[in-house]
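Trainee: just a sequence and a predicted model for now, questions to come.
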Amino acid sequence: MSSVDAAITTKGAVMSRHVTIGLPFSRQPEAYFRQTVRSVFAQTHADWELVLLADGAPDSLVRAAAAIDDPRVRLVVHDRSAGLAARLNEIADLATGDVLFRMDGDDVMHPQRVERQLAHLAAHPEVDVLGGGARVIDEENQLLGILKEPAIPSEPRGYLRSHTFTHPTVAARTAWFREHRYDTALLRSEDKDLWLASNATSTFAKLSEPVLFYRIARLRREKQAQDAAYDRRIMAHYGPGLVGPARTRALLARSRAKQAAFATLLALGQAERVRRTKYLSLEEPHRAEGERALQAAMTASVPGWADEPPDHPASTDSRRRPREQGLRVLR
């Protein structure tokens, strides 16, 4: 019997094996969204609920989500976008599982993700938030390598220069997410802000083994500039109290210089060179294992969907009338 086959005792309470996977989606390509959902159905741990939360998503994605015919799937539709942070807080409020798994609509879960992270949380009840390793894939679902992962900082000031976790690898106790809310004023870097705000009273851990296939698609200057701007906003807020005004100014200047270098490289057609700096090579037999896991994750059957190839841009079931059961539409 594995460590997650029975009820889990954590911090004086009994935690069930039932977990929530929270998936907010907005304007991801439909092919990516379908691959993400299929990877949930590929999980070796089957006692889950999937909360699909549409944040101003197009009708094609909502129809695809509504066509899923499985009682473990709940769909909530918002016509207007409120941003990722607000929707992550909402998912925490909706969750019925004692552990909440983060997920984004363009990545792919490793088939053993839930099993691996739940087992660690069962064995380490002191851990509040658990991340994991990730493998990098590109736009065409090619396995590129091992995502470079920073170590969890050993002191509070370290969180200023680190995003700590690859955000969609995070699993945390649902009660923790409800107590520690994302700042809805932040359209980017909401995770970095959360780790800075909560690290003093929380226990973080990270698995080295892979739990996610993380998609790094074509790099765009506009997105990186927005990310950097919010990152500097967070540095300016927390920096003076952690490292002092002078060191904060140096960190802000370093961020601006890095952004300028990124823009220059993209202008010179060096986007692929920049992408390669984000991952390490993956050697055999780990590459073959990763490719098998990725294929299994992207081709799992989803009740209500036709079994089209995982990279097919659309399918006939996306034109069906949305299934009403489990569908909430919030205007």
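Mentor: Arrived safely, thanks for sending. Keep in mind that what you see is a predicted model, and the values were worked out from it rather than measured. Residues are numbered from 1 along each chain as shown.
Trainee: tell me who's in contact with the residue of the chain most remote from its centre.
Mentor: Most distant residue from the mean C-alpha position of the chain: residue 246, 33.8 Å away (Cα atoms, centre = their mean). With Cβ atoms under 8 Å, 6 or more residues apart in numbering as the criterion, no residue contacts residue 246. Yep, even glycine has a C-beta here, placed from its N, CA and C like the rest.
Trainee: what strand or helix carries it?
Mentor: Assigned by DSSP states H and E, residue 246 belongs to helix 245-267.
Trainee: ok, so what distance separates the residue farthest from the centre of the chain from residue 268?
Mentor: 33 Å (Cβ to Cβ, to the nearest Å).
Trainee: hmm, residue 228 and residue 263 touching each other?
Mentor: No: contact criterion Cβ atoms under 8 Å: residue 263 and residue 228 do not qualify, at 10.0 Å.
Trainee: compare these two (neighbour count), which wins?
Mentor: More crowded of residue 263 and residue 228, by other Cβ atoms under 10 Å: residue 228, with 19 against 15.
Trainee: residue 187 falls within a strand, correct?
Mentor: No: read with DSSP: H, G, I helix; E, B strand; the rest coil, residue 187 is coil and lies in no strand.
Trainee: contacting residues around it?
Mentor: For residue 187, the contacting residues are 83, 84, 85, 226, 230, by Cβ under 8 Å, 6+ apart.
Trainee: so among the residues you listed, which ones count as buried?
Mentor: Among the contacts of residue 187, those classed as buried by 16 or more other Cβ atoms under 10 Å are 83, 84, 85, 230.
Trainee: just those: which are in helices?
Mentor: When DSSP state H defines the helices, the subset of these inside them is 84, 85, 230.
Trainee: what's stretch 151-161 in contact with?
Mentor: The contact list for stretch 151-161 (Cβ under 8 Å, 6+ apart) reads 162, 164, 192, 195-196, 199-200, 204-206, 235, 238-239, 242-243, 251.
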